[in-house]
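**Student:** this is the structure alone, sequence omitted:
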């Protein structure tokens, strides 16, 4: 799901148990940081393989409209505001998460929180 966005985001980690993408902070992020660049790179999304589950982190999904559009099944997988945990493969939820990922990343970019690679 995240790999298909690696052409517009930067690959930050590609290990056996961790895959991550990041981006340059955009103007909205700089405004939230009161005009000072706190980091050169902003984590956008990553997947971690844990001992008994897989976690999928998507920073852009914290927007209330995106959460409201999720099915109850996907929302039940949420841990906190930006993390989904899975203990088994679920093609329907993965398909929905893929769609949410695309919409969330687009909204994150359009709102100015992230810039290009």
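**Tutor:** Received the coordinates, thanks. Everything numeric here is computed off the predicted structure, so don't read it as measured data.
**Student:** can you tell me which strand in the chain is longest?
**Tutor:** Assignment by DSSP state E gives strand 42-49 as the longest strand of the chain.
**Student:** which residues of the chain fall in strands?
**Tutor:** With DSSP E as the criterion, the chain has strands at 10-15, 18-23, 42-49, 54-58, 78-79, 83-86.
**Student:** pipe those strands into a markdown table and attach mean pLDDT per row.
**Tutor:** Listed next are those as a markdown table, based on pLDDT from 0 to 100:
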| stretch | mean pLDDT |
| --- | --- |
| strand 10-15 | 95 |
| strand 18-23 | 96 |
| strand 42-49 | 96 |
| strand 54-58 | 97 |
| strand 78-79 | 94 |
| strand 83-86 | 97 |
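**Student:** mind putting the ones you listed in TSV, distance to residue 106 and mean neighbour count included?
**Tutor:** For glycine as for every other residue, the C-beta is placed from the backbone atoms N, C-alpha and C. Listed next are the strands of the chain as TSV, based on distance: least, CB to CB, whole Å; neighbours: other CB atoms under 10 Å:
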stretch	distance to residue 106	mean neighbour count
strand 10-15	17	14
strand 18-23	13	20
strand 42-49	12	19
strand 54-58	12	19
strand 78-79	20	13
strand 83-86	18	18
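**Student:** reformat those as CSV; add distance to residue 101.
**Tutor:** Listed next are the strands of the chain as CSV, based on distance: least, CB to CB, whole Å:
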stretch, distance to residue 101
strand 10-15, 16
strand 18-23, 10
strand 42-49, 7
strand 54-58, 6
strand 78-79, 14
strand 83-86, 10
